[in-house]
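*Asks:* Build me a model from this:
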Amino acid sequence: MHLDDRRRTLAEAMDIQGRWPADSPWVRRAILETIPRHRFAPDRLWAWNGHDAYVPVDRAHDQDAWADLVYAGPEDSTIIQVHQGLPSSSLSCVAVVADMLDSLMLEPGHRALEFGTGTGWNAALLAHRAGAGMVSTVEVDADLAAAATRRLAAAGLDVTVHAGDGNTVRPGSAPFDRVIATYAVEDIPWAWIEQTAPGGRLVVPWGRLGHVALTVADDGKSATGWGQGLGLFMPSRGTDQGRAFHTVRDASQATRTVPFERDPRRLGDAHLVFALRVSHPDIRITTAAATGDGFTVHLHDGASSWAATDTRADGTTTAYEGGPRHLLAELQAGWEHWEARGAPPLWDFGMTVTPERQSIWFGAADAEPYLP
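*Replies:* Just a heads-up that it's a prediction; the model follows:
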């Protein structure tokens, strides 16, 4: 299948799912016509082998497999770099790119700053909208920054690429009207807000589960906004991701069977998982369908405690845990807290950031922080 055919197939999938932003029609035109994704994809991509490793897929050796990775489904990212066996950079999935650009409310003539250049594709989309010389982008990986600079120049786009840490690099064009990040952070760096003009807007992935859009106050002393969309994001480089589930489990001295009266299959609800991420930020939750219509849930704290549930096709569940903490009890408390507030979706959560603190609330900006 030709690249144009794949692009049309992806566009049709976005249409069917209603994923193109109605309020930002320029996004669809730019992604499909002006700044096609494949022009910013490197010749070597990476794919999961289905078992235990990511393997390279080279355009020169298998053009069809390479194209399939570039133009996968609306929610499929394209891995462009693997470090120590884990993905470290990607072309973000089209659905998330479109949603974040819509949330950014970028207009021609806006000065825009991006953190996380990657291949340069998102910066190219920003430049297409904002105009020549209006976009700066920061990439911590010097090799990725250099490659993105070449791709942007080849596309005839005037974008300034800075190689360095997004927490410390300060492009000289500040203040910016719009700031966007393509990787997740736990705490929004105040330096990003300082570089945004009063009334300016930031769109930033938080907690790897969704992105928020913040508006800087007129006095520049705070930024406030709402959750915008769901999506998995890679963390900032250097983030301590803690120990993996199997490592925590295997190091536990004992495994105990515990009661758990909830239906773990409901943890497939991304809005519930987001609320649990807010109330219990150190508990990592992964879910998976098992053979025979079963369902498994793994929890761990990245340090010393873990839990797991196995739900069979008939709905019966067995729960286990190990380590000093009782993670399933903590999970249930957070779950009850969410339900007691009407089971709000992601979009009912908001964030306020000041130089001193970051708080996440639900319902209204003057509400108390969302805590169990």
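*Asks:* Tell me, how many residues neighbour the closest residue to A41 other than its chain neighbours?
*Replies:* Among residues not flanking A41 along the chain, V70 sits closest, at 4.8 Å (Cβ to Cβ, 6 or more residues apart in numbering). The C-beta positions use only the backbone N, C-alpha and C, and glycine is treated the same way. Neighbour count of V70, defined by other Cβ atoms under 10 Å: 22.
*Asks:* helix/strand/coil for G50?
*Replies:* In three-state terms, and counting by DSSP: H, G, I helix; E, B strand; the rest coil, G50 is coil.
*Asks:* That one: neighbour count?
*Replies:* Neighbours of G50 (other Cβ under 10 Å): 7.
*Asks:* now do V353
*Replies:* Using other Cβ under 10 Å: V353 sits among 24 other residues.
*Asks:* can you check G334 too?
*Replies:* Neighbours of G334 under the rule other Cβ under 10 Å: 20.
*Asks:* hang on, it in a helix?
*Replies:* Yes - using three-state DSSP, the secondary structure at G334 is a helix.
*Asks:* so what's it closest to, chain neighbours aside?
*Replies:* In space, G334 is closest to S279, 4.1 Å off (Cβ to Cβ, 6+ apart).
*Asks:* One more: A147?
*Replies:* Leaving aside its sequence neighbours, A147 sits nearest to P42 (Cβ to Cβ, 6+ apart; 6.8 Å).
*Asks:* what pLDDT does that neighbour get?
*Replies:* For P42, the model assigns a pLDDT of 97.
*Asks:* That one touches G118, doesn't it?
*Replies:* No - P42 lies out of contact with G118 (Cβ atoms under 8 Å); the separation is 10.0 Å.
*Asks:* The two: which is more packed in?
*Replies:* Between P42 and G118, counted using other Cβ under 10 Å, the more crowded position is G118 (26 against 19).
*Asks:* do you know how far that one is from S90?
*Replies:* Separation of G118 from S90 (Cβ to Cβ, to the nearest Å): 7 Å.
*Asks:* Overlap of the contact sets of the two?
*Replies:* Residues touching both G118 and S90 (Cβ atoms under 8 Å, 6 or more residues apart in numbering): I80.
*Asks:* so which strand or helix has the residue nearest to A147?
*Replies:* Using DSSP states H and E, P42 is not contained in any helix or strand.
*Asks:* Report the contact partners of it.
*Replies:* Counting by Cβ under 8 Å, 6+ apart, P42 makes contact with 80, 119, 147.
*Asks:* Of those residues, just say which sits nearest to V159.
*Replies:* Comparing the contacts of P42 against V159 with Cβ to Cβ places T119 closest, at 12.3 Å.
*Asks:* what sits against the closest one?
*Replies:* By Cβ under 8 Å, 6+ apart, the neighbours of T119 are 40-42, 80, 89, 91, 144, 147-148, 151.
*Asks:* pLDDT below threshold where in the protein?
*Replies:* Across the chain, the ranges flagged by pLDDT under 70 are 1, 238-241, 291.
*Asks:* center of it - which residue?
*Replies:* A centroid search over the chain (Cα atoms, centre = their mean) returns F233, at 2.4 Å, as the residue closest to the centre.
*Asks:* give me the number of residues near the residue lying closest to T182 once chain neighbours are set aside?
*Replies:* With Cβ to Cβ, 6+ apart as the criterion, T182 has its nearest non-adjacent residue at 3.6 Å, and that residue is G116. As a burial measure, G116 scores 25 neighbours (other Cβ under 10 Å).
*Asks:* Which of the contacts of T119 fall within strands?
*Replies:* Using DSSP state E, the members of the contacts of T119 that fall within strands are 80, 89, 91.
*Asks:* From those, pick the one nearest L3.
*Replies:* L91 (14.2 Å).
*Asks:* Please report phi then psi for M14.
*Replies:* phi -60, psi -40 (degrees, to the nearest 10).
*Asks:* ok, now how distant is it from R237?
*Replies:* As judged by Cβ to Cβ, M14 and R237 stand 30 Å apart.
*Asks:* These two: which has the busier surroundings?
*Replies:* Neighbour count, other Cβ under 10 Å: between M14 and R237, M14 has more, with 19 against 15.
*Asks:* Give the full set of residues in contact with that one.
*Replies:* For M14, the contacting residues are 20, 28, 74, 94-95, 98, by Cβ under 8 Å, 6+ apart.
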